[in-house]
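Engineer: 3D, please:
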Amino acid sequence: MADLTEATQKATRSVKWIFLTEVLSRAAGPLVFTVLAVLLQPAEFGLAAVALLLVGFAQIGVEEGAGPGLVLSRMAASPSAANAAFWLNVVFGCSLYCLIALSAPLGATLFDEPALTGILRILGLQIILVSMTSVQRVTLEQSFEFKRLLHSRWISVCGGGVVSIALAQQGYGAWALVIGSLATAVINLIVVWFVCSWRPSLELDWASVRSIMKLGRWTLLEIYAAWIFVWTDQLIVGRYLGLEQLGVFRVASSIAGFFFWTTFTSINGALYPYFMRFSGDAAALKDVFSKLNRLVTAFALPMGVGLALVAPAIVPVLFGNRWTGLGVLLSLAAIRESITWLTGINSELFRALGRPDVNVKAILISVCVCVPVYFMAAPFGVYVLSIVKIVLAAATVSLQVFFTTRLLDIPGTYLWADNRSVAAACAVMCGFVWTSQSVLTAGSTHVMVSTMAVVVVGAVVYVVTLAILDRTLLNQAIKLLSRVAS
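Structural biologist: Residues are numbered from 1 along each chain as shown. Coordinates of the predicted model:
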């Protein structure tokens, strides 16, 4: 029991540093986006987005491949395993860069953009840079050294943002985003190697290499399948609707993702070792999963609904009239994210139960269904595609619920049964926000101030309603926030 309490306290304290890492690094993204949106055109964002997506697909293999393989094999304390993972990543990264460089002209032809060839070959260099930091990052995570990771993340992201803005002011267009991203990778490499004392050696244990490749295969398959599931729609938009539409679509998705991933990645980062402590006690695991899922939903639903309501009012003020349709797309993206996070912690549960293959299967099924639908919906425009994505997100949640109920042996209605009070509180909040928005922003010359007042009113109404309907859940949320802050 003492070990369990200590693990809980350590995981909770880790959430604070993961949260700060995500907030400080991800907060720079929307801030940089806002500044660059004034300096650049949507089409320039679209061109950079295509390059970032194509390189990102290759990059996740070295960023999340051997690293999670090392974690899953539970050999993080083994120098031979860490060393094998490092060199495996470097070789993989160099190979992927060569593939990107050789196939760059094909990408330029596919998107009818000659400039994409040079951009891909330059941006692809960050794959090699990232391959030299992932094992150090996992080493720090395994030691709960999230404070050190914080330094590397915010310094690199802020440094890259400054480079992007400076180049955009000089008229470099899409190259401003590309060079800024590459600068982020360079700075991150320098800082990570400075804060992490672990260093690779030239000795290579081939047994460790084979073990990591074997144990990490499900993780690697999962992250590539997840990438296809999350980002394929943007490539389809760029290919069939043009780079300008992609620029608007990408910015909307990025802003919505910022709010959710900043908040919940900090929780997910500590869940796997926490769930592992209960893997031998089915009853305790069910109880812990139910409580954590209720807490995530209690934050995700009001966040998504609230952002969807206020986005159309604040987007024109922040981004100007050039970004036509961004407000509506942001609202739709926020609703989709809130639905997705109803089962956002399930993947960590599957891993803790020793079944990472379950999440892979769920993602692969979703990919097989969603990608063809994206192709069919894209010709009708980004609004239709965004609405279709909301419907598909609901279907994906149903699939996650299906697998979860069988692994934990719980009722298929658990999601609704656990979160009825949250849904009711959100409905009440929506009514007040809608009314307040009509009253406070009607004819107002200070739209941002009025909107912030609406946000405050909505938050207060939601908390008060939840206190009336489900005081236990509210107390748990307050307790979690106090632990994280302490």
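Engineer: And the nearest residue to Ile387 once chain neighbours are set aside, how close does it get to Ala308?
Structural biologist: With sequence-adjacent residues excluded and distances taken as Cβ to Cβ, 6 or more residues apart in numbering, Ile387 is closest to Leu332, at 6.5 Å. Placement of C-beta: from N, CA and C, glycine included. The gap separating Leu332 from Ala308 is 7 Å, by Cβ to Cβ, to the nearest Å.
Engineer: same thing with Gly344?
Structural biologist: As judged by Cβ to Cβ, Gly344 and Ala308 stand 18 Å apart.
Engineer: The residue nearest to Ile387 is in what secondary structure piece?
Structural biologist: In this structure, Leu332 is located in helix 326-340 according to DSSP states H and E.
Engineer: Tell me where the chain has strands.
Structural biologist: Shown for the chain, no strands are assigned by DSSP state E.
Engineer: who's in contact with Val178?
Structural biologist: By Cβ atoms under 8 Å, 6 or more residues apart in numbering, the contact list for Val178 reads Ala48, Ala51, Leu52, Ile119, Ile122, Leu123.
Engineer: Equivalent analysis for Ser347, please.
Structural biologist: Counted by Cβ under 8 Å, 6+ apart, Ser347 has contacts Glu222, Asn359.
Engineer: go with 6 Å
Structural biologist: The contact partners of Ser347, taken as Cβ atoms under 6 Å, 6 or more residues apart in numbering, are Asn359.
Engineer: coming back round to it: what about the helix holding Leu332, distance to the chain center?
Structural biologist: For helix 326-340, the gap between its own C-alpha mean and the chain's C-alpha mean amounts to 14 Å (Cα atoms, centre = their mean, to the nearest Å).
Engineer: neighbouring contacts of that helix?
Structural biologist: Contact partners of helix 326-340, identified using Cβ under 6 Å, 6+ apart, comprise 248, 252-253, 255-256, 260, 300-301, 304, 307-308, 311-312, 315, 319, 386, 389-390, 393-394.
Engineer: tell me which residues in that helix are buried?
Structural biologist: Residues of helix 326-340 classed as buried: 326-340 (neighbour count, 16 or more other Cβ atoms under 10 Å).
Engineer: now swap in stretch 228-238 and tell me
Structural biologist: By neighbour count on 16+ other Cβ under 10 Å, the buried set for stretch 228-238 is Ile228, Phe229, Trp231, Thr232, Asp233, Gln234, Leu235, Ile236, Val237, Gly238.
Engineer: Over to stretch 377-386?
Structural biologist: Ala377, Ala378, Val382, Leu385, Ser386.
Engineer: and the residues you listed as a markdown table, adding pLDDT?
Structural biologist: Below are the buried residues of stretch 377-386 laid out as a markdown table (pLDDT from 0 to 100):
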| residue | pLDDT |
| --- | --- |
| Ala377 | 94 |
| Ala378 | 91 |
| Val382 | 93 |
| Leu385 | 95 |
| Ser386 | 95 |
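Engineer: Show me which pair in the residues you listed is furthest apart.
Structural biologist: Largest separation among those by Cβ to Cβ: Ala378 and Ser386, giving 10.8 Å.
Engineer: what about the spatially closest residue to Pro105 that is not a sequence neighbour, how many residues close to it?
Structural biologist: Distance criterion Cβ to Cβ, 6+ apart; nearest residue to Pro105, sequence neighbours excluded, is Thr117 at 5.2 Å. Thr117 has 17 neighbouring residues, counting by other Cβ atoms under 10 Å.
Engineer: same question, the one 3 residues further on
Structural biologist: Counted by other Cβ under 10 Å, the residues lying close to Leu120 total 22.
Engineer: Please tell me how far the residue nearest to Ile387 sits from Leu52.
Structural biologist: Using Cβ to Cβ, one obtains 22 Å as the distance from Leu332 to Leu52.
Engineer: Likewise for Thr404?
Structural biologist: Here the criterion is Cβ to Cβ. By it, Thr404 lies 33 Å from Leu52.
Engineer: Same question for Val91.
Structural biologist: Val91 is 24 Å from Leu52, by Cβ to Cβ.
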